[in-house]
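> here is the input, now give the coordinates:
(chains A and B)
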Protein chains: 2
Amino acid sequence: MTTVAVDTPGGQYPIHIAPGRLDALAQSIPADATAVALVTNPTIAALYAERAEAALARTGKRVVRIELPDGEAHKDWQTLNLIFDGLLSHRYDRKGVLVALGGGVIGDMCGFAAASYMRGVRFVQVPTTLLAQVDSSVGGKTGINHPLGKNMVGAFHQPVAVEIDTDVLRTLPAREISAGLAEVIKYGLILDAPFFEWCEANAAALRALDPQALTYAIQRSCELKAHVVSQDERESGLRAILNLGHTFGHAIEAGLGYGEWLHGEAVGCGMVQAAELSARVTGFPAADVARVRALVDAIGCPVVSPDLGADRALDLMRVDKKAEGGEIRFVLLPEIGRAVTQRAPEAAVREVLALTSCLPVEQAINLDPQQASPA
Amino acid sequence: MTTVAVDTPGGQYPIHIAPGRLDALAQSIPADATAVALVTNPTIAALYAERAEAALARTGKRVVRIELPDGEAHKDWQTLNLIFDGLLSHRYDRKGVLVALGGGVIGDMCGFAAASYMRGVRFVQVPTTLLAQVDSSVGGKTGINHPLGKNMVGAFHQPVAVEIDTDVLRTLPAREISAGLAEVIKYGLILDAPFFEWCEANAAALRALDPQALTYAIQRSCELKAHVVSQDERESGLRAILNLGHTFGHAIEAGLGYGEWLHGEAVGCGMVQAAELSARVTGFPAADVARVRALVDAIGCPVVSPDLGADRALDLMRVDKKAEGGEIRFVLLPEIGRAVTQRAPEAAVREVLALTSCLPVEQAINLDPQQASPA
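Next up, the predicted model:
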């Protein structure tokens, strides 16, 4: 088993990565827990809830299942409240422990419920998508959406442990593997050139779910994110570089309507756009722009953006949560393995949008993963 | 001006106590704030919002008012969401600052909104009730109610400053002054025998809103609470002693229906009951039980509880947020100025309930402050 230790202001927690971790969940439940609540959705529950419950039952503690409706559209207060209803109706006290079994939506909601229930209880993350494994496992971001913006209401709340079972990726659609890999290569691009090169060499193995390649990619991604987050829990500075590709990606997601493209697909495309913008602002070499485009393509993510119109795209970027006083700050690459945040001349942004936004919206909405991924 | 400095894990913040602080609010707004949102209710707004807005306008920053419906019945998600609606529709970013102008309900909701908006923004407390001034100013507790329990959803979130204008107490009903004074004498009882004696000598001056007496009572209460909270921000141990009278009080509030008795009234009565229980469990002297009863009476709070029936009262105590695994833990007094938390034999609790629960529920619901307070 591979373990990554994550340092936070409140202490350290482990990320365990290995096939079959689902059967070992009892190891992550604190001994003084009074009860356990398994928070999941019907899709995941059909595949894994019974195994997870059997594993948790080995603690000898009461285990209650709380199922939330599936999907980003339900990442709201009404759904969050189902967790509080469940905990209160079963009289969970402050030493009850929540277990989030699912992707990013389940992790974000279960984490926010844990942050808020009785002003804070403990929780364990069991991420079942590659994106959640490499992104949500580290950083403590939790929250729900508001009709006026995504993830606008939430908290920073660290899990007591993260259990990553690489086997569960076998039931994940190929498109979600590609979306998760976009975040993996992001860590190489912003922090670790050798890891980026390793991704170039192992793109096919990763898409084929080679267990060794996957375990290393997840481990290295978590280590790199933990390194950033340990220096900046509250996202005041350094942590912003984790948003490489997210400003362009945000415009794509919001412009098409959330859910049309997977978050990782939008970030993959957004990284190509950020690389192009870097070439114009920081002198990022054209050859490296080509490498970014080639790797995003190789992992099966789109490399061209829907054509939303530059004015609309810029508007969407300005209302992003990452904007400050209406000013857009981009994460740019001076070289592979290093990132900076800075403003960019609007003309350069428009040039990049014109160059990269050549996918008709109609076609973008009916994105065929096979077209986007030439594998 | 009197200032109490409160230490928290994240840093220090000041509590300013003086007549007229409402006109000096600009001093508490951080220089890098991008905008200010004044969160209040129509009752308080009619009295003080324009003065507060004029004071805040001196920062030169945009000031938006967000009014919430008045009362504990609205301390829910729907009302909390009005704050998020206001902040998002006015495009407040992470450097927007919230100002809570009102009593405990406004402070708790505005604080929770600040804790959750974009995963945490800064806020200033301007408590306008005596209870909020001596209780909510210190400790960082924020939250909302759930249909199955009070304050079940929330966060620990510290303000950047607290501004206490003692003049605003002049518009507060006498009953709310009495309820606030219950918390004041609580600090003496659990931590500071000389302060308890000072309260005995100054009960009349406090009820008459003597400015010097009030300022000292607020200052000493905040200092004592800050001393406790600085050692135990997350309420894992020592902080529990702040709940003296709250377990009995919780049963009264929940049993009568929230809002029938003010929280401080229930706590006042609950402290008499806790003193009686202490006499049976820790050997607290009978003469001191009499002193507690006399002072609770002198400040104008009830000293006898509604007769809910012992079984019902015990049930209500068991579902209290402070219970753990269904076990009731009481805060008891070995002597005036010192408190401990421990279990108590059920027979002793029943004896105290029988002795102190002699107010017919009908009469309790129609509580006449003049009957309760012999002033």
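> CA atoms only for stretch A:305-325, dumped as PDB, please.
Only the C-alpha atoms of stretch A:305-325 are listed here, as PDB (Å, rounded to 0.1, in the frame of the first residue of the first chain):
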ATOM      1  CA  SER A 305     -12.900  25.200 -27.100                       C
ATOM      2  CA  PRO A 306     -16.500  25.800 -28.000                       C
ATOM      3  CA  ASP A 307     -16.900  29.100 -29.700                       C
ATOM      4  CA  LEU A 308     -18.900  31.100 -27.200                       C
ATOM      5  CA  GLY A 309     -17.800  34.500 -28.600                       C
ATOM      6  CA  ALA A 310     -14.900  36.400 -27.000                       C
ATOM      7  CA  ASP A 311     -17.100  38.900 -25.200                       C
ATOM      8  CA  ARG A 312     -19.200  36.300 -23.500                       C
ATOM      9  CA  ALA A 313     -16.200  34.200 -22.600                       C
ATOM     10  CA  LEU A 314     -14.500  37.300 -21.000                       C
ATOM     11  CA  ASP A 315     -17.700  38.100 -19.100                       C
ATOM     12  CA  LEU A 316     -17.900  34.600 -17.700                       C
ATOM     13  CA  MET A 317     -14.200  34.800 -16.600                       C
ATOM     14  CA  ARG A 318     -14.900  38.100 -14.800                       C
ATOM     15  CA  VAL A 319     -17.600  36.600 -12.500                       C
ATOM     16  CA  ASP A 320     -15.500  33.600 -11.600                       C
ATOM     17  CA  LYS A 321     -14.900  33.100  -7.900                       C
ATOM     18  CA  LYS A 322     -11.200  33.500  -8.500                       C
ATOM     19  CA  ALA A 323     -11.600  37.100  -9.900                       C
ATOM     20  CA  GLU A 324     -11.100  39.900  -7.500                       C
ATOM     21  CA  GLY A 325     -12.800  43.300  -7.900                       C
END
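> helix, strand, or coil at the residue sitting furthest away from the middle of chain A?
Using Cα atoms, centre = their mean, the residue of chain A lying farthest from its centre is A:Gly60. It sits 32.6 Å away. When classified by DSSP: H, G, I helix; E, B strand; the rest coil, A:Gly60 comes out as coil.
> excluding chain neighbours, what is closest to A:Gly139?
A:Val229 (4.8 Å; Cβ to Cβ, 6 or more residues apart in numbering or on different chains). Any C-beta I mention is one placed from the backbone N, CA and C, and that applies to glycine too.
> doesn't the one you found belong to a helix?
Yes: counting by three-state DSSP, A:Val229 is found in a helix.
> got the contact list for it?
A:6, A:8, A:138-140, A:239 (Cβ atoms under 8 Å, 6 or more residues apart in numbering or on different chains).
> what about the strands in the stretch 201-350 of chain A?
For the stretch 201-350 of chain A, the strands defined by DSSP state E, counting those that start in this stretch occupy A:330-335, A:338-342.
> how about A:Thr59, what does it touch?
Taking Cβ under 8 Å, 6+ apart as the test, what A:Thr59 contacts is A:26, A:29, A:33, A:36.
> again, but for A:Gly104
Neighbours of A:Gly104 in contact, by Cβ under 8 Å, 6+ apart: A:127, A:129, A:131-132, A:135-136, A:263.
> and those residues, which is closest to chain B?
A:Ser136 (13.8 Å; Cβ to the nearest Cβ).
> quick one: buried residues of stretch A:49-69?
By neighbour count with 16 or more other Cβ atoms under 10 Å in any protein chain shown, stretch A:49-69 contains the buried residues A:49, A:51-53, A:55-56, A:59, A:61, A:63-68.
> avg pLDDT for that stretch?
Mean pLDDT, stretch A:49-69: 98.
> near chain B, which residues of the stretch 1-150 of chain A show up?
A:34, A:77, A:81, A:84-85, A:88-89, A:91, A:93-95, A:115-120, A:141-143, A:146, A:148-149 (Cβ under 8 Å from any Cβ of the partner chain).
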